[in-house]
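J.: below are the sequence and a predicted model for it; my questions follow.
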Number of protein chains: 2
Amino acid sequence: MEWSPDKSSRVPVYIQIADYFETRIVNGEYPSGSSLPSERALAALLEVNRSTIVSAYDQLNSLGLVRRIKGLGTVVNLQASEEGIVKRVPNWEEYVKGGFLPLNDPLTRRIHKIVGSDKPYINFAIGELSADLFPVTLMQEAHSQLEITQYLGYEHIQGNLKLREAIANHLETHRTIKSSSSSILVTSGAQQAIQLIVQSLLKSGDAVAIEDPSYSYSLPIFHSAGLKTYRLPVEDEGIDPEQIVSLYKQHRIKMVFVNPIYHNPTGTTLSCERRKRLLEISTKYGIAIVEDDPYSLTSYDQQSVSTLKSIDQDGSVLYVSSLSKIVSTGLRIGWIAGPQSVIQRLTDAKQQLDFGHSNISQWIASQLLTSRELDNHLARLRIGLQKKLELTVEAIRAEMGDEARFNIPLGGIHLWCELQGEWDELRLFDLAIGNGVIFTPGSTLGSSDRHIRITFSKMEDHLIAKGISGLAAAYRAAKAAR
Amino acid sequence: MEWSPDKSSRVPVYIQIADYFETRIVNGEYPSGSSLPSERALAALLEVNRSTIVSAYDQLNSLGLVRRIKGLGTVVNLQASEEGIVKRVPNWEEYVKGGFLPLNDPLTRRIHKIVGSDKPYINFAIGELSADLFPVTLMQEAHSQLEITQYLGYEHIQGNLKLREAIANHLETHRTIKSSSSSILVTSGAQQAIQLIVQSLLKSGDAVAIEDPSYSYSLPIFHSAGLKTYRLPVEDEGIDPEQIVSLYKQHRIKMVFVNPIYHNPTGTTLSCERRKRLLEISTKYGIAIVEDDPYSLTSYDQQSVSTLKSIDQDGSVLYVSSLSKIVSTGLRIGWIAGPQSVIQRLTDAKQQLDFGHSNISQWIASQLLTSRELDNHLARLRIGLQKKLELTVEAIRAEMGDEARFNIPLGGIHLWCELQGEWDELRLFDLAIGNGVIFTPGSTLGSSDRHIRITFSKMEDHLIAKGISGLAAAYRAAKAAR
């Protein structure tokens, strides 16, 4: 070997070595199946540490040029085409490991896969309404009023103007929030709203606080983007705002993400006093608040709880909500209400991400929000959800007694259950799947693997007891397995 | 001042100083309107460089706690509420400067703003079809076949299965591409497809090659994410694949983005020889290719040009296309066809970004793609686009003669014009706006500010000559202004 690496170069030595072999492999000097020199021999020859050679060979491995086979060493691995030319197809396995957006965690991926399959699981994992809670007539009405008479072009990227006006009006009448069409951005559900906020308003190194447990833990965006994420434990009255003060003093947190009303997953509502204190802290330290509010209209006792946004005097709150939990997830209609400069920034980001929302679903959403039937639907929805909750609680008490502990929420679609005794989360999940039941394991929503989230909105009434029974059987088996 | 910074701490001194004053400002020791010590005096007092104090005060400024006023120094700036309590509202101006996604460039933002307004510009800037090219009957038919009878839940995140089957079938019959529903992801137009690819498959430091000029330059994602972007000049026969080899040797580029057929903006088609060579290079060096193909079905002479994907034997190509340029942008229906492992990774990312596509537009797209009327529509579309191109060229020749130079494309919707003489791009843009005409300045699409892109698909026939006339007048005025 006449070549040796240039140790004074700014290119790291292991890269130089990898490049050297890459060129020779591609040129055919090391045909497929041949071995590269052993790590030890090459290290001696080039007068470098063995670990440098290991790094160089790892690099070739990640390029898909070699396979490192135990006992055999480092073997060139190229595909030969029919014409006998050596080929090196893009190494997709390596590409899929890249990305600013990390993969969902394995358990969340499994849940999506199961939910995406057509198998008839009893589904306590997905935040959707059941067929019997869906306003079919209302939707049909909205759909039939829609006429396609002209070119369907790009909608305004901020969202169809009529829809934004309808949302502003709805926010005022239903949630006592004052806003206007120019301070609203239509998004693809609350999911996209959160993405846009993180990708547009935070930068690497920024510290944020999120509730624990929280849906946010299932969003990989909080684990990427170089964000520092701090936890705010959810107590019976919601998070303790004073903890935000100490987080601010220690870490200069820039943004707090909260779901104050009928919290996902615990069902908790942030007390009135704490809501006020949270806003005070926000404007004392200049910390932005993102309020996720999918459930406030589902109050079982019709008592309306005021959103943070409705009492925010200073524009400290970005308010996120959607039609997903009250009408339909499939329309993918969510929105953000906030200061105009922020809405413009987020609109610019939405243009980049998807060039605005599909128009037909926006037209339908606009019809829905202005329909006089909406309030009747919401009234039926509240009654329907409460009934499902009652059926769920009744079944859990019958099947699991004291072994399952929970607070009963006053609205929303989730029940957060602490299961007693010794059991393994993954085993419980698998056993439940085996019994035809799927739920959301607590660890995907934060630090607790002693809890499970039972989302009771999706199943028709007559399936709830059956599902809980399958879950209880899985729980007994999981405990017995320890 | 009894306090002094701890110079042995790991916390930078300027941060310690900023923190010190932040606490005192928030506690009211420095009320709103009061001045902080001068930079010089404080530097002497704390025995640090003046630049350290400048950094500390800059930090307080970015927190919105002070304003730095020339001649007056650094003044505390807090809002007092009605109750007299000092408030510090989140400093949104600073938030909007953050973000993984940088803002669109100012010119692109202006174009979006103008296009988003309802003013009746003659629009040569947007890649949409005109009302007279829109298949109203086809759309109405698709829409009327749609019935809402049950809950509209989340679609499969990869896309509605029927739609994916329809796309796979369409790719086979119309573009001789073999694929299957499991190797296709439905996206919100090609825009989202590119975003997903970049955000999921590339990482900071990765080198990519993009055509110059290209639509990609208007996508801020290529300027962020720590990507290194290298240019491939588009010649009469498209890019020169040999340049990819040298880029690979120098920079180890991992991915090449190309729009080989009726390229945006130049209208060029990559020659058959170069297409083959591009694939050879891809599989010699293991470089992934992203083929953006919005226009291949718009061939005026009905000659079909084969896409890279149709001749790709090795799965090196991620193929991106959409319904936007052949049916409607407003449906937001695009797709990616590629290796299943990649499609799964991108599906996971789409779940994170928007939790899948709205269902109604997917159902309509599925009806459209399987309608027997689609081919008739495409035939009319080709004739219609060719007519608009002819009207555009005729008007340019009449108005600008030799001053405007261009190659005539054989398909697509863009004409790339080089305008002779001395003129300023921004001035031309403003003057054209003044004449009621909007076009895309060359610099937003790459390195040329001598070219403009005239997108002729959006305007109805009778408005084209008028628009070109307004543009030509602006051009004459821009030249005269030099």
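T.: Alright, I've got the coordinates.

J.: where along the stretch 1-150 of chain A do the helices fall?
T.: A:13-26, A:39-46, A:50-62, A:92-95, A:106-116, A:136-144 (DSSP state H, counting those that start in this stretch).

J.: how about the second one: buried residues?
T.: Looking back up the chat, that one is helix A:39-46. Of the residues in helix A:39-46, A:39, A:42-43, A:46 count as buried by neighbour count, 16 or more other CB atoms under 10 Å in any protein chain shown. Bear in mind the C-beta positions are built from the backbone N, C-alpha and C, glycine included.

J.: just to revisit the earlier point, so which of the helices of the stretch 1-150 of chain A comes closest to B:Ser188?
T.: helix A:106-116 (18.4 Å; CB to CB).

J.: whatever residue of the stretch 351-482 of chain A ends up closest to chain B: neighbour count?
T.: Residue of the stretch 351-482 of chain A nearest chain B, by CB to the nearest CB: A:Asp354 (3.6 Å). By other CB atoms under 10 Å in any protein chain shown, 27 other residues sit near A:Asp354.

J.: what about chain A, any weak spots by pLDDT?
T.: A:80-86, A:225 (pLDDT under 70).

J.: distance to chain B added to the buried residues of helix A:39-46, as a markdown table?
T.: Formatted as a markdown table, the buried residues of helix A:39-46 follow (distance: CB to the nearest CB, whole Å):
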| residue | distance to chain B |
| --- | --- |
| A:Glu39 | 23 |
| A:Leu42 | 21 |
| A:Ala43 | 24 |
| A:Leu46 | 21 |
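
J.: before we move on, back to that, so who does the residue of the stretch 351-482 of chain A closest to chain B touch?
T.: By CB atoms under 8 Å, 6 or more residues apart in numbering or on different chains, A:Asp354 lies in contact with A:188, B:187-189, B:191-192, B:195, B:332, B:353-354.

J.: can you tell me which of those residues are in helices?
T.: Counting by DSSP state H, these place B:189, B:191-192, B:195, B:353-354 in helices.

J.: show me where the stretch 201-350 of chain A has its helices.
T.: Counting by DSSP H, counting those that start in this stretch, the helices of the stretch 201-350 of chain A are A:241-251, A:272-285, A:308-311, A:340-354.

J.: could you dump the ones you listed to a markdown table with distance to A:Glu403?
T.: Listed next are those as a markdown table, based on distance: least, CB to CB, whole Å:
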| stretch | distance to A:Glu403 |
| --- | --- |
| helix A:241-251 | 31 |
| helix A:272-285 | 31 |
| helix A:308-311 | 36 |
| helix A:340-354 | 45 |
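
J.: which among those helices is found nearest to A:Ala477?
T.: Judged by CB to CB, the one of the helices of the stretch 201-350 of chain A that comes nearest to A:Ala477 is helix A:241-251, at 38.5 Å.

J.: can you list contacts of the closest one?
T.: A:207, A:209, A:228, A:230, A:232-233, A:253, A:256, A:274, A:277-278, A:280-281, A:285, A:287.

J.: near chain B, which residues of the stretch 251-400 of chain A?
T.: By CB under 8 Å from any CB of the partner chain, the residues of the stretch 251-400 of chain A that approach chain B are A:254, A:282-289, A:313-316, A:328-333, A:339, A:341-342, A:344-345, A:348-349, A:351-361, A:364.

J.: filter the residues you listed down to the buried ones.
T.: By 16+ other CB under 10 Å, those give A:254, A:282-289, A:315-316, A:328-333, A:339, A:342, A:344-345, A:348-349, A:351-361, A:364 as buried.

J.: quick check: A:Ile433 touching A:Ile111?
T.: No. Between A:Ile433 and A:Ile111 there is no contact under CB atoms under 8 Å: 9.9 Å.

J.: between these two, which is the more surrounded one?
T.: Legend: neighbour count by other CB under 10 Å for A:Ile433 and A:Ile111, higher for A:Ile111 (23 against 18).

J.: quick check: the more buried one vs A:Pro441, distance?
T.: For A:Ile111, the distance to A:Pro441 equals 9 Å [CB to CB, to the nearest Å].

J.: over to A:Thr266?
T.: Distance of A:Thr266 to A:Pro441, given as CB to CB: 15 Å.

J.: of these two, which one has the most company?
T.: The neighbour comparison of A:Thr266 against A:Pro441 (other CB under 10 Å) goes to A:Thr266, with 26 against 21.

J.: what's the nearest residue to that one if we skip its chain neighbours?
T.: Using CB to CB, 6 or more residues apart in numbering or on different chains and skipping residues adjacent in sequence, the residue nearest A:Thr266 is A:Trp416, 4.5 Å away.

J.: can you pull the contacts of the residue nearest the centre of chain A?
T.: Central residue of chain A (CA atoms, centre = their mean): A:Leu219, 3.1 Å from the mean position. Contacts were defined as CB under 8 Å, 6+ apart; by that measure A:Leu219 touches A:191, A:194-195, B:352.

J.: got the buried residues for the helix or strand hosting A:His377?
T.: Assigned by DSSP states H and E, A:His377 belongs to helix A:374-400. Buried residues in helix A:374-400, counted by 16+ other CB under 10 Å: A:374, A:377-378, A:381-382, A:384-389, A:391-393, A:395-396, A:399-400.

J.: contact partners for the spatially closest residue to A:Leu65 that is not a sequence neighbour?
T.: Counting by CB to CB, 6+ apart, A:Leu65 lies nearest to A:Ile25, which is 5.2 Å off, once chain neighbours are set aside. Neighbouring residues of A:Ile25 by CB under 8 Å, 6+ apart: A:60, A:65-66, A:76, A:78.

J.: tabulate these (JSON lines), appending neighbour count.
T.: Converted to JSON lines, those look like this (neighbours: other CB atoms under 10 Å in any protein chain shown):
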{"residue": "A:Leu60", "neighbour count": "22"}
{"residue": "A:Leu65", "neighbour count": "24"}
{"residue": "A:Val66", "neighbour count": "26"}
{"residue": "A:Val76", "neighbour count": "20"}
{"residue": "A:Leu78", "neighbour count": "22"}
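
J.: closest to chain B among the residues you listed?
T.: Using CB to the nearest CB, A:Leu65 comes nearest to chain B of the contacts of A:Ile25, at 7.8 Å.

J.: how much space between the closest one and B:Cys272?
T.: Distance of A:Leu65 to B:Cys272, given as CB to CB: 30 Å.

J.: and if you look at A:Ala477?
T.: As defined by CB to CB, A:Ala477 lies at a distance of 63 Å from B:Cys272.

J.: between those two, which one's more packed in?
T.: A:Ala477 (17 against 12).

J.: just checking, that one touches A:Leu431?
T.: Yes. A:Ala477 lies in contact with A:Leu431 (CB under 8 Å); the separation is 5.1 Å.
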